[in-house]
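Asker: Let me see the structure of the following:
(chains A and B)
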Amino acid sequence: MENAYEYEITVIGGGPGGYVAAIKAAKEGKKVCLIECANVGGVCLNEGCIPTKTLIKTANLYESILHADDFAIEGVEPEKISVSMKKLQSRRQAVVNQLVGGVKGLLRGNKVTVVEGRASFADAHTVTAGEKKITSEYFIIATGSDTFLPPLIAQEGKNDVITSREALLLEELPKSVAIIGGGVIGIEFAYLLGTLGSKVTVLELMDNILPMVDEEVSAMARKRMEQRGIVFHTGAKVTKIKDNSVLFETKGGERSIAADKVLMAVGRVPSTEGLGAKEIGVNFEKNAIVTDEFMRTNVKNIYAIGDVNGKVMLAHTASHEGVAAVAHICGKPACVHYDRIPSCIYLEPEIAAIGLTEKQAREKCPDVKVGKFPMVANGKSLVEGDTDGIVKVVLDGTTGEILGVHLYGKHVTEMVAEISAAMTLEATADEIIDTIHPHPTVSESIPEAFMAAYGKAIHYL
Amino acid sequence: MAEIIIMPKLGFNMDEGRLMKWCFAPGDQISKGEVLFEIETDKTTMPVEATRDGVLLKTLLEEGVYAPVFEPIAVIGEAGEDADAALASHGSGEAAKASDTSAPAEDRAPVPAEAAGKTVERLLLTPKAKKLIKDERIDPASIAAVQGTGFRGGITAKDIKASPLAYKIAERDGVDLASVQGTGAGGKVMKEDVLKAVAQPAVSDGGDKKILSTTPYKGVRKIIGDRLAQSKFTAPHLYFTDSIDTTKFTAFRKQLNETGDVKVAVSDLLLLATSKALQQYPGINISLVDGQIICYKSTNIGMAVAGDNGLIVPVVKNAQDKTLLAIAAESKGLVERAKTGKLAPEEYSGGTFTISNLGMFGVENFTAIINPPESAILAVSSVRKKAVAETGEDGEDTIVIRPMMNVQLTVDHRLIDGLLAVQFLAYFKHLLENPLKILM
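Answerer: Alright, predicted model coming up:
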């Protein structure tokens, strides 16, 4: 072990990928440095996952309160109930501050040296961050991603185009908003703003919203949102934004939508500005750093994890990639199973998906069995007062292998972890069906859906 | 009160036993002390007595079937007692579950033809394996045929370490899980491992070769096989051959048998000669144990015997203290019991040297593999008339016909060098060619 380097592992970026990698490395006994240019916690904590879900929580509660009468609560006058965006922002900030403080504490407790600054590679073993020079045996790049304003969508005239970053800081609810992009971010904002009272229109290029979710399930979610007044245009190619009108082409011809604000949610792009990685020979593909299955770049001592490698832009993926990179550095290679990454979409009711959609499964597997169980047949859902929803499972008919599970219903974001564990253990339908689920819960719908795949559901005909 | 009878652990290394024979049928009255059943261990068949009076309520294991040690194999109680209830409260209610699995077994897809041959017989069920079955909720039907009487059959711990999906794929695609290298946690076989095995199948039997029979490689055969392999691959074997003129030896034996009541076999003389030679050259009578080379005073000499279940080596202990006639009497009984698989464990263990005599079957010369933890073994071949050169008293060389017998000494070269081996062998030859000296 050479002592030529100041640190054994230096992590560039303190988001969910970076700080997890740093703590994991410290727990493995390594001398670790973490370089962060803004706040630890990255986008996830500061302007992504946590803030959005905090705002969505208020929207959920607001919606529930408006229906308080259904649950025998009297004295609630819907027209008198309102959401204070200012207070909501305070809450958001408070939650974020607490979590950022928590991460800081964890890094300190694990004796990770945190350096403030923007890192830039001088060579494969040296970066500069502000005034400091840091040498390290290994680097893990975890610089994340940024919001993206596609140049192909021209902007003319006076526009108020925002991205998710600005949307999370809104202190006033826009009267109307056009959301470009029907992915997770676009749909969550559609739900959030629509529930709080904005007039929302969603424009999505593909035929379906939420591509990682089975089409049947996403169609149900879309219908529910439409019932609440959100307008969807799919198969819509946005060409221009002019004076806050969004021009788009559909099969039916050219149309435009006017809105107070335009929210651009077409995707995120890896952040590597000023990193100097390209300059020292790290390979990129488009904007993402190219990595192998162990998160290594083409430069042997440099790894890249999380959004910056463009593989799967989710916080929990970044964390697992961080752990895998550290494991590899420590000589115990671990791999990340990209076919078992759950996705959660925080509407009400929630959506959670893992694995393949039915369509994707049929492309790969000759004998696909599909099982469905509607939440209307689930007792707890009825108790909760919301029976919209379904559990849809996609199996390999020859072995009962779990290819994909798509859940739409109350609390499903907490339930999908069961499937994730089952897939890690390579459990098949038999084992899920044999697993005792407590009653009354929404989770009971899961084994029923598996049984339904064989025509043997008990609580549904 | 009904009592559960379990497969007894009769030896330190015993993981499983094979139920050879029930001496009573369910419903029979038995008395304490009567032999209730016979089991085959890795070496021999042992009778097991009933430990109480009662009625044999139920047997869980068919004759010829293996069960791991400590597994329930029978229930004894009073007439009319509920055996299943007793079994259910024994341990974790395996029996109750097992009787349920016999029904769903029929619903399962039939086990592929190749795998069908590898059913219950092939599998060992250790307690660890049992725990794994429970923990991982493995469907027994996916691994082995389910016994109607309620016992699940045998599954090695190694076989069980596979994910549920790996099992199903293996069953579907006809892969023998025991041959798949696992890359999951703790060596667990995962889906990827099985798929790789499917893509590169091991050498297949069947295909161009018509099969006469398929026998599971397990039990005694496997234990012998494993030990031999281990011996060969651990100890560097060094071989020394010599030819022994047996003229005087044969005559000597004939004379002994004319005069005595106890018949002395060739092997008895060989054994005593070996004992003498070992006393002369104790450096051959050694073992490497835990980093120590132990040189023994006892010459415990084993005679390799072809038993029903394979090779077994009964041992005459402390031959150095025994007369030829005592050895002859003792070895007669040992060989008889060895051939019928009725040796007691202490009768086939504790040897310090082994003689393997295949002379009676007709062989010119052969090499034996050292029987660990011993360090040497002597292979004795047939007596054959050979033309040998002899120097007469006048110094002239002539060719004569003599009954020559090849012997080959194998030694562990880690512990025994060539010179000692040659000296030992030369002395042994000298004893056999001057047989009176064997008794001196």
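Asker: tell me the pLDDT at residue B:94?
Answerer: Note for residue B:94: predicted pLDDT of 45.
Asker: Residue B:213: neighbouring residues, count only.
Answerer: Neighbour count of residue B:213, defined by other C-beta atoms under 10 Å in any protein chain shown: 5. Bear in mind the C-beta positions are built from the backbone N, C-alpha and C, glycine included.
Asker: ok, it to chain A distance?
Answerer: Remark: distance between residue B:213 and chain A (C-beta to the nearest C-beta, to the nearest Å) = 31 Å.
Asker: So what touches stretch A:105-121?
Answerer: A:7, A:12, A:14, A:19, A:22-23, A:25-27, A:32-37, A:40, A:104, A:127-132, A:134, A:139, A:274-277, A:279-280 (C-beta atoms under 8 Å, 6 or more residues apart in numbering or on different chains).
Asker: actually stretch B:240-255, not the one I wrote
Answerer: B:264, B:266, B:269, B:365, B:383, B:386, B:388, B:402-411, B:418, B:421-422, B:425-426, B:429, B:432-436.
Asker: Please list only the buried members of the residues you listed.
Answerer: Buried subset of the contacts of stretch B:240-255 (neighbour count, 16 or more other C-beta atoms under 10 Å in any protein chain shown): B:264, B:266, B:269, B:383, B:386, B:402, B:404-411, B:421, B:425, B:429, B:432, B:435.
Asker: For chain A, name the helix or strand with the lowest mean pLDDT.
Answerer: strand A:154-156 (a mean of 90; mean pLDDT, DSSP states H and E).
Asker: whoops, I mixed them up, chain B
Answerer: Every helix and strand of chain B was ranked by mean pLDDT, DSSP H and E. The lowest is helix B:113-116, at a mean of 36.
Asker: Convert stretch A:170-190 to PDB, retaining C-alpha atoms only.
Answerer: Provided in PDB are the C-alpha atoms of stretch A:170-190 (Å, rounded to 0.1, in the frame of the first residue of the first chain):
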ATOM      1  CA  LEU A 170     -42.800  28.100  -6.000                       C
ATOM      2  CA  GLU A 171     -44.200  30.400  -3.500                       C
ATOM      3  CA  GLU A 172     -47.300  31.000  -5.500                       C
ATOM      4  CA  LEU A 173     -49.400  28.500  -7.200                       C
ATOM      5  CA  PRO A 174     -49.500  29.200 -11.000                       C
ATOM      6  CA  LYS A 175     -53.100  29.300 -12.300                       C
ATOM      7  CA  SER A 176     -52.100  27.100 -15.200                       C
ATOM      8  CA  VAL A 177     -49.100  25.100 -16.100                       C
ATOM      9  CA  ALA A 178     -48.000  23.200 -19.200                       C
ATOM     10  CA  ILE A 179     -45.700  20.300 -18.300                       C
ATOM     11  CA  ILE A 180     -43.500  19.100 -21.100                       C
ATOM     12  CA  GLY A 181     -42.600  15.500 -20.300                       C
ATOM     13  CA  GLY A 182     -44.700  12.600 -19.100                       C
ATOM     14  CA  GLY A 183     -42.000  10.800 -17.100                       C
ATOM     15  CA  VAL A 184     -41.900  10.500 -13.300                       C
ATOM     16  CA  ILE A 185     -41.000  14.100 -12.700                       C
ATOM     17  CA  GLY A 186     -43.600  15.500 -15.000                       C
ATOM     18  CA  ILE A 187     -46.300  13.300 -13.700                       C
ATOM     19  CA  GLU A 188     -45.500  14.000 -10.100                       C
ATOM     20  CA  PHE A 189     -45.600  17.700 -10.700                       C
ATOM     21  CA  ALA A 190     -48.800  17.300 -12.700                       C
END
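Asker: buried ones in it?
Answerer: The neighbour-count check on stretch A:170-190 (16+ other C-beta under 10 Å) flags A:170, A:173-174, A:177-190 as buried.
Asker: Then stretch A:236-255?
Answerer: Under 16+ other C-beta under 10 Å, the buried positions of stretch A:236-255 are A:236, A:238, A:241, A:242, A:244, A:245, A:246, A:247, A:248.
Asker: if we take these, which one ends up nearest to chain B?
Answerer: residue A:236 (40.4 Å; C-beta to the nearest C-beta).
Asker: My guess is the closest one contacts residue A:205. True?
Answerer: Yes - judged on C-beta atoms under 8 Å, residue A:236 makes contact with residue A:205 at a distance of 6.5 Å.
Asker: can you list the domains in chain A?
Answerer: Split into domains by automatic domain parsing, chain A comes to A:7-146+A:269-338, A:154-266, A:349-452.
Asker: OK, contacts around residue B:374?
Answerer: B:287, B:351, B:352, B:353, B:354.
Asker: Which members of those additionally contact chain A?
Answerer: Among those, proximity to chain A is found for none (C-beta under 8 Å from any C-beta of the partner chain).
Asker: Among those residues, which lie within strands?
Answerer: B:287, B:353, B:354 (DSSP state E).
Asker: In those, which residue is surrounded by the most others?
Answerer: Most surrounded of the ones in strands among the contacts of residue B:374: other C-beta under 10 Å gives residue B:353, at 26 neighbours.
Asker: does it have beta-bridge partners, and which?
Answerer: The bridge-partner assignment for residue B:353, based on DSSP bridges, gives residue B:301.
Asker: What of residue B:189?
Answerer: Listed by DSSP bridges, the beta-bridge partners for residue B:189 are residue B:162.
Asker: quick one, what contacts the closest residue to residue A:65 other than its chain neighbours?
Answerer: Excluding the flanking residues, the one nearest residue A:65 by C-beta to C-beta, 6 or more residues apart in numbering or on different chains is residue A:81, at 5.7 Å. By C-beta under 8 Å, 6+ apart, the contact set of residue A:81 is A:62, A:65, A:66.
Asker: Residue A:385 against residue A:73, yeah?
Answerer: No - counting by C-beta under 8 Å, residue A:385 stays clear of residue A:73, with 11.6 Å between them.
Asker: Can you pull the phi/psi pair for the residue nearest to residue A:65?
Answerer: phi -90, psi 130 (degrees, to the nearest 10).
Asker: ok so, going back, inside strands: which ones of the contacts of stretch A:105-121?
Answerer: The strands, defined by DSSP E, take in A:7, A:12, A:32-36, A:127-129, A:132, A:134, A:139 from those.
Asker: Now the two most distant members of these.
Answerer: A:32 and A:128 (18.2 Å; C-beta to C-beta).
Asker: Give me the more crowded residue out of those two.
Answerer: The neighbour comparison of residue A:32 against residue A:128 (other C-beta under 10 Å) goes to residue A:32, with 28 against 16.
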